[in-house]
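K.L.:
Fold the following.
(chains A and B)
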Amino acid sequence: MLKISKVSLSYGSKQVLCDVSFHLKRGELGCVLGESGCGKTTLLRAVMGFEECNSGSIEVDGIVLSSATIDNLRQRIAYLPQELSLPSPTIREMVKIPFSFKSNKGVELTEELLQREWSRLGLDIRLLNRPSSSVSVGQRQRIMLSVCCLLGKPLIIIDEPTSALDSDTTLLVANYLKSVARERDTAILAVTHSHTLADLCDKTLHL
Amino acid sequence: MEQTLDISIIGLLIGLALMGIPLYFFRKYKTGLVQSTIVATVRMIIQLVLIGLYLKYLFQYDLWYVNLLWGVIMCAVATFTCVGRTHIKRSILLVPVTVGFFTTALLISIYFLALVLRLHESMNINLSLNLLFSARYFIPIFGLLLGNMLGVNVLALTTYYEGIQRERQMYDYMLGNGATRWEATAPFLSAAIRKAFIPCIANMMVMGIVALPGTMIGQILGGSDPNIAIKYQMMIVVITFVASIISLMTTVALANRRSFDKYGRLIHVFGR
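P.N.:
Purely as a prediction, here's the structure:
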């Protein structure tokens, strides 16, 4: 599903990634570990074409990343950045945003589906009608995580999904990700500092 | 109708003396605006005197191609002013703004003069280039449209590009979840349109009650029937509003081609 082969990336003279290789199959949960500033987020961004590699190749669902394939490749990915603020007055509208894109038009989003996901993530469905500014960072992270998982993409990329969560909720989210990968035959790649999440991963990349 | 009252040189000087009041407050509160206000006032006087002289000959000869050329010059000045105020690179905005301004102002002017004002019917002559681009009608309408498009475009383009740059996470989130480039930029364009058009809409809401618009006042002072002045004002508001959004959408559509790289990332747009 995801093949990162000998990827190197630098900003000017500063080498950020050097000969990085990593493979992830459908149904697998993978994580990227490393100290702050070692290039974890840069690697995720490179997979989506937001950072340009100096050498090496990236392949998602059989599509080799290039300027010609980038739109097609991004349609196979669901992505959750670390800090996200969307311009929507309510959670309901915030959740709907990615489902309004032309490439996701056929994907179903119902309150029942959301309720099922949210109950697994310790969220109350009544949050749906709350103003988006009234939820905590941790709740927002889990809400947007459920959205990513509902998009039904073959690859999910998430940046620090548990950074604002306590240890119990981190375990809840880690188990959720593991089961989503298995049940929906999806590859999930997460950047994390959490050992709880890393311990549950099928594959780990240390940077 | 009465003849337009002329303003004597003494009257002009008495009017200009009023500028002493803002200058007094600008100086008292150390705003740093005294020099720029004086320069702006002097520039305004010189420019208007020169334009007055130029327009006198323009109206006297009234050749359609000379009038159109004057329109091109006005458009060039408006374009450079717009690009300069946004602080966005000329290589990105110059062509899109030129195309957006010129085509919109030209089409809306022709629409207004031929279909709304129906110049040919009023004057009982055939519609011709000389009539459509006559100095008396074409130049004021073309200039009015450019002036309004300038303000709206500066505000909207700045808001648009600053938004994408500031909210990169959000822009990347959209692209990363399968949005097309147009879909990913849509929320930023929406915010830009809101910011630029809310003042126009608010102005329209109170027009005639709180705000007495310049065109109407000018016509009434110039001796027109108030009923005719009102009709002109209505149409002026409509065409400036419409021209502003058309020019903005044209500019953004063209500028988007130069503002993003082959991976859809916003390039460095601010600077010279």
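K.L.:
Can you name the residue of the stretch 101-250 of chain B nearest chain A?
P.N.:
Nearest to chain A in the stretch 101-250 of chain B, going by C-beta to the nearest C-beta, is B:Gly176, at a distance of 3.1 Å. C-betas here are computed from N, CA, C, even on glycine.
K.L.:
which residues does that residue contact?
P.N.:
A:Met48, A:Phe50, A:Arg74, A:Ile77, A:Ala78, A:Tyr79, A:Pro81, A:Ile157 (C-beta atoms under 8 Å, 6 or more residues apart in numbering or on different chains).
K.L.:
Okay, and which of those map to strands?
P.N.:
Under the assignment DSSP state E, the contacts of B:Gly176 contribute A:Ile77, A:Ala78, A:Tyr79, A:Ile157 to strands.
K.L.:
Can I take it that A:Lys6 is in a strand?
P.N.:
Yes: residue state for A:Lys6 (DSSP: H, G, I helix; E, B strand; the rest coil) corresponds to a strand.
K.L.:
Need the pLDDT of it.
P.N.:
Listed pLDDT for A:Lys6 reads 95.
K.L.:
Relative to A:Val64, how far out is the closest residue to it other than its chain neighbours?
P.N.:
Distances taken as C-beta to C-beta, 6 or more residues apart in numbering or on different chains place A:Gly56 nearest to A:Lys6, at 4.1 Å, with adjacent residues excluded. Applying C-beta to C-beta, to the nearest Å, the value for A:Gly56 to A:Val64 is 11 Å.
K.L.:
Look at these two and report which has more neighbours.
P.N.:
Per other C-beta atoms under 10 Å in any protein chain shown, whichever of A:Gly56 and A:Val64 has more neighbours is A:Gly56, with 18 against 13.
K.L.:
before we move on, what SS does the more buried one have?
P.N.:
strand.
K.L.:
and if you look at A:Phe22?
P.N.:
Taking three-state DSSP, the label given to A:Phe22 is strand.
K.L.:
Look up how far A:Met1 lies from it.
P.N.:
From A:Phe22 over to A:Met1 (counting by C-beta to C-beta), the distance is 11 Å.
K.L.:
One more: A:Lys102?
P.N.:
Counting by C-beta to C-beta, the gap from A:Lys102 to A:Met1 is 23 Å.
K.L.:
Could you check which of these two is surrounded by more residues?
P.N.:
A:Met1 (21 against 11).
K.L.:
quick one, phi/psi of the closest residue to the more buried one other than its chain neighbours?
P.N.:
Distances taken as C-beta to C-beta, 6+ apart put A:Ala187 closest to A:Met1, at 4.0 Å, once the chain neighbours are dropped. When read as degrees, to the nearest 10, the backbone of A:Ala187 gives phi -90, psi 130.
K.L.:
any idea how far chain B is from A:Ala187?
P.N.:
For A:Ala187, the distance to chain B (C-beta to the nearest C-beta, to the nearest Å) stands at 15 Å.
K.L.:
Next, count neighbours for the residue of chain A found nearest chain B.
P.N.:
Per C-beta to the nearest C-beta, the residue of chain A with the smallest distance to chain B is A:Tyr79, at 3.1 Å. For A:Tyr79, the count of nearby residues is 27 (other C-beta under 10 Å).
K.L.:
Can you pull the poorly scored residue ranges out of the chain?
P.N.:
If you meant another chain, say so; for now it's chain A. Within chain A, not a single segment meets pLDDT under 70.
K.L.:
Oops, wrong one, chain B.
P.N.:
For chain B (pLDDT under 70), the answer is B:1-4.
K.L.:
What's the biggest helix in it, counting residues?
P.N.:
Longest helix in chain B by number of residues (criterion: DSSP state H): helix B:226-259.
K.L.:
can you pull out the strands in chain B?
P.N.:
Counting by DSSP E, no segments of chain B form strands.
K.L.:
coming back round to it: of the contacts of B:Gly176 - the most surrounded one?
P.N.:
Highest neighbour count within the contacts of B:Gly176: A:Arg74, with 29 neighbours (other C-beta under 10 Å).
K.L.:
from memory that one sits against B:Gly178, does it?
P.N.:
Yes: between A:Arg74 and B:Gly178 there is a contact under C-beta atoms under 8 Å: 5.8 Å.
K.L.:
and A:Gln15, what are its phi and psi?
P.N.:
Torsion angles at A:Gln15 (phi, psi; degrees, to the nearest 10) stand at phi -80, psi 120.
K.L.:
one step back: any idea what sits nearest the residue of chain A closest to chain B, other than its immediate chain neighbours?
P.N.:
Excluding the flanking residues, the one nearest A:Tyr79 by C-beta to C-beta, 6+ apart is B:Gly176, at 3.1 Å.
K.L.:
Could you report the distance from A:Val180 to B:Gly151?
P.N.:
50 Å.
K.L.:
Compare the two and say which one has the larger neighbour count.
P.N.:
Using other C-beta under 10 Å as the criterion, A:Val180 and B:Gly151 rank with A:Val180 on top: 22 against 16.
K.L.:
wait, what's in contact with that one?
P.N.:
By C-beta under 8 Å, 6+ apart, A:Val180 lies in contact with A:Cys149, A:Ile156, A:Thr186, A:Ile188.
K.L.:
So the first one, which state does it fall into?
P.N.:
When classified by three-state DSSP, A:Cys149 comes out as helix.
K.L.:
close enough to count as contact, it and A:Ala78?
P.N.:
Yes: counting by C-beta under 8 Å, A:Ala78 is a contact partner of A:Cys149 at 7.3 Å.
K.L.:
Between the two, which contacts overlap?
P.N.:
With C-beta under 8 Å, 6+ apart, A:Cys149 and A:Ala78 have common neighbours A:Ile156.
K.L.:
Up against chain A, what does the stretch 151-272 of chain B have?
P.N.:
B:167, B:169-170, B:172-180, B:183, B:187, B:191, B:262-265 (C-beta under 8 Å from any C-beta of the partner chain).
K.L.:
again, 10 Å this time
P.N.:
Those residues of the stretch 151-272 of chain B that sit near chain A, judged by C-beta under 10 Å from any C-beta of the partner chain, are B:163, B:167-184, B:186-188, B:190-191, B:261-265.
K.L.:
Mind checking which of the residues you listed are in helices?
P.N.:
B:163, B:168-176, B:181-184, B:186-188, B:190-191.
K.L.:
Could you report the separation of B:Gly11 from B:Met170?
P.N.:
Distance, B:Gly11 to B:Met170, by C-beta to C-beta: 56 Å.
K.L.:
neighbour-wise, which of those two wins?
P.N.:
B:Met170 (20 against 11).
K.L.:
The more buried one against B:Ala186, yeah?
P.N.:
No: at 11.5 Å, B:Met170 does not count as touching B:Ala186 under the criterion of C-beta atoms under 10 Å.
K.L.:
CA-only coordinates of the lengthiest helix in chain A in PDB, if you can.
P.N.:
The longest helix of chain A (DSSP H) is helix A:167-183. Extracted as PDB, the C-alpha positions of helix A:167-183 are listed here (Å, rounded to 0.1, in the frame of the first residue of the first chain):
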ATOM      1  CA  SER A 167      -3.100   7.900  29.000                       C
ATOM      2  CA  ASP A 168      -6.500   6.200  29.200                       C
ATOM      3  CA  THR A 169      -7.800   8.000  26.100                       C
ATOM      4  CA  THR A 170      -4.500   7.400  24.300                       C
ATOM      5  CA  LEU A 171      -5.000   3.700  24.800                       C
ATOM      6  CA  LEU A 172      -8.600   4.000  23.500                       C
ATOM      7  CA  VAL A 173      -7.400   5.800  20.400                       C
ATOM      8  CA  ALA A 174      -4.500   3.400  19.800                       C
ATOM      9  CA  ASN A 175      -6.900   0.400  20.000                       C
ATOM     10  CA  TYR A 176      -9.300   2.100  17.700                       C
ATOM     11  CA  LEU A 177      -6.600   2.700  15.100                       C
ATOM     12  CA  LYS A 178      -5.500  -0.900  15.300                       C
ATOM     13  CA  SER A 179      -9.000  -2.200  14.800                       C
ATOM     14  CA  VAL A 180      -9.800   0.300  12.000                       C
ATOM     15  CA  ALA A 181      -6.700  -0.900  10.100                       C
ATOM     16  CA  ARG A 182      -7.800  -4.600  10.500                       C
ATOM     17  CA  GLU A 183     -11.500  -4.200  10.000                       C
END
